[in-house]
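> Predicted model and sequence below, questions to follow.
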Amino acid sequence: MPIAKRSKTSRKRSTKSYLLRPITGLSKPVILGILVLASTLGVYAVYNASAATGRPDIVAAAKKYVGVQEKPNGCNCGGVINSFTAGHHELWCADFVSYVYHKTGHSFTPGWRIASTISMRSWFIRHKGWHARGSSDTPRPGDAIFFDWSSKPPVTEHVGIVDHVSGSTVYTIEGNTSNGVHRRAHTNYHHDSTVVGWGRM
C-alpha cells in the first residue's frame, strides 16, 4: 500500500501550532523568577559593557583644555585655570581633574573640588574606587591616575586623567604639567614605580 504523504500545508500548520502551544508544568512563581533572572542578567551585561569603556565624557571634556597655558608661566593662574582652582593660586593638577569631573556630572562629594592629590587618592580609597599599580586592573578612560617621583613610601605628587591604554602604555591628559594642560604617555606603566595607581568613579 502506498504511504500517503503529508502536504506542505499540513506540515506548516503542525509547526505553527507547536510553536504557539503554551508552556505547561511551570508555576507562576517559577515563571516570574525566570523573567526576573533574565532581566537582571540583561542589566548586568549592559553595566559591564559600560564599565569596560570607561567614561568617554570625562575624556572628551578634558581634551577641550589641551593647550591651555598659565599666564604668565609659573603663576598657577590665568584664564580658565582660575576656574580650575576657584581663584586660588596653587599647584592645580588635582584642581583640573576636579573641574573636569564636576563639569561632566561626576563631582567629588561633598563639594566638587579636591585640591590635594593625597586627599583625592584618599577619597577614591574611601569610595572603593582605588586600584594600586601592580593590581590586575587596567586603567580605563576617565580614571584619575596618580604619580609620585620621590617619596618613600609612595604618596601622590601629581594626578592626571587617563585618555586610553594601548598595550603597556597609558596615555593621559594632565593639568599643571609644563605650566599647562598637555597630553602625556607613560610606557610600561604596570612596572613604572612613578605610577602609584588610579581612581575610578
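Cool, the structure landed.
> Just give me the residue closest to the centre of this protein.
residue 54 (2.9 Å; Cα atoms, centre = their mean).
> Contact partners for it?
Residues near residue 54 by Cβ atoms under 8 Å, 6 or more residues apart in numbering: 140, 141, 142, 143, 162. Every C-beta, even on glycine, is put in place using the N, C-alpha and C of the backbone.
> Counting neighbours, what do you get for the first one?
Burial measure for residue 140: 20 neighbouring residues, criterion other Cβ atoms under 10 Å.
> Does the nearest residue to residue 171 once chain neighbours are set aside belong to a helix, a strand or coil?
Ranked by Cβ to Cβ, 6 or more residues apart in numbering and with sequence neighbours excluded, the top spatial neighbour of residue 171 is residue 163, at 4.4 Å. Classification of residue 163 using DSSP: H, G, I helix; E, B strand; the rest coil returns strand.
> returning to that earlier point: which of the contacts of residue 54 has the most neighbours?
Most surrounded of the contacts of residue 54: other Cβ under 10 Å gives residue 143, at 28 neighbours.
> shouldn't that one be in contact with residue 162?
Yes - if you go by Cβ atoms under 8 Å, residue 143 and residue 162 touch, sitting 4.3 Å apart.
> Common neighbours of the two, please.
54, 198.
> rewinding a little: quick one: the residue nearest to residue 171 and residue 77, what's the gap?
Distance, residue 163 to residue 77, using Cβ to Cβ, to the nearest Å: 25 Å.
> Chain neighbours aside, what residue packs nearest to residue 145?
Closest to residue 145 by Cβ to Cβ, 6+ apart is residue 198, at 4.4 Å.
> what's the answer for residue 188, then?
Residue 188 sits nearest to residue 168 (Cβ to Cβ, 6+ apart), 5.0 Å away.
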